[in-house]
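1. Have a look; sequence and predicted model below, questions after that.
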Amino acid sequence: AQTVTQSQPEMSVQEAETVTLSCTYDTSESNYYLFWYKQPPSRQMILVIRQEAYKQQNATENRFSVNFQKAAKSFSLKISDSQLGDTAMYFCAFMYRGAQKLVFGQGTRLTINP
Amino acid sequence: DTGVSQDPRHKITKRGQNVTFRCDPISEHNRLYWYRQTLGQGPEFLTYFQNEAQLEKSRLLSDRFSAERPKGSFSTLEIQRTEQGDSAMYLCASSPRTSGRSGELFFGEGSRLTVL
């Protein structure tokens, strides 16, 4: 079964700094998707960014970008110019292509300090 | 608000009681999911519906758990004979069948269960 590992339980940075969250995963398949979801305190989880494994180009969404290293099975999230509203739990997730089940990591609690 | 709605938001019950959670997905979404999230962990998949059909069910979903989506709209998740280990946040999510963005789920705020 596939596993997703986030090795940083907590991170804290100052507003406007850049921060990188790490994620590694384990699978023997080649067709899959990777995601970063954000769960703000007491609010619903939302999708931040999505990467298709067959695409070599790293996904970007405004201040959010990923570093996808398929051979290393690594999928890190970079947040540039961090804002107070970025404070949240961030979950890395994996899904096989054609499936509907997301497998989540344990999460990283990110705090942006003023 | 046209987001995913869950009810109740909080439920405290005694061990051995039955509880039921309701989820109303985004109206045009035909896929509906239930996840369970325990404190300090990521969500774990429980089950998935496409319209009224339950297409996948996790082994985490013991025989005390049952989920339904009778008319392909709202869904219920029932836990019978609750145990303290059932204490968790139960998350519902929905997605459209064809969005070109597989894996983009729209989550509700969750139903928190505390079993005493």
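-> Sure, I can see it. Numbers count the residues shown, from 1 in each chain, chains lettered A, B, ... in the order given.
2. Mind telling me which residue is nearest the centre of chain A?
-> Centroid-nearest residue in chain A, with CA atoms, centre = their mean: residue A:36, separated by 3.1 Å.
3. what bits of chain A have low per-residue confidence?
-> A:1 (pLDDT under 70).
4. Tell me the residue of it that sits nearest chain B?
-> When scored by CB to the nearest CB, chain A has residue A:104 as its residue closest to chain B, at 3.2 Å. Bear in mind the C-beta positions are built from the backbone N, C-alpha and C, glycine included.
5. which residues sit in contact with that residue?
-> Residues in contact with residue A:104, defined by CB atoms under 8 Å, 6 or more residues apart in numbering or on different chains, are A:4, A:37, A:91, A:92, A:93, B:42, B:43, B:44.
6. again, only this time at 7 Å
-> Neighbouring residues of residue A:104 by CB atoms under 7 Å, 6 or more residues apart in numbering or on different chains: A:4, A:91, A:93, B:42, B:43.
7. and it, bridged to which residues?
-> For residue A:104, the beta-bridge partners under DSSP bridges are residue A:93.
8. quick one on the thing from earlier: who does the helix or strand where the residue nearest to the centre of chain A lies touch, helix- and strand-wise?
-> Here residue A:36, judged by DSSP states H and E, is contained in strand A:32-39. With contacts taken as 3 or more CB pairs under 7 Å, 6 or more residues apart in numbering or on different chains; DSSP states H and E, strand A:32-39 sits against strand A:46-52, strand A:88-96.
9. quick one: strands adjacent to that strand?
-> Applying DSSP bridges, one finds strand A:32-39 paired with strand A:46-52 (antiparallel), strand A:88-96 (antiparallel).
10. which is the next helix or strand following the shortest one?
-> This points to strand A:46-52. strand A:60-61.
11. Quick check: buried residues in the lowest-mean-pLDDT helix or strand in chain B?
-> For chain B, counting by mean pLDDT, DSSP states H and E, strand B:53-57 ranks last in confidence among helices and strands (a mean of 90). By 16 or more other CB atoms under 10 Å in any protein chain shown, the buried positions in strand B:53-57 come out as residue B:54.
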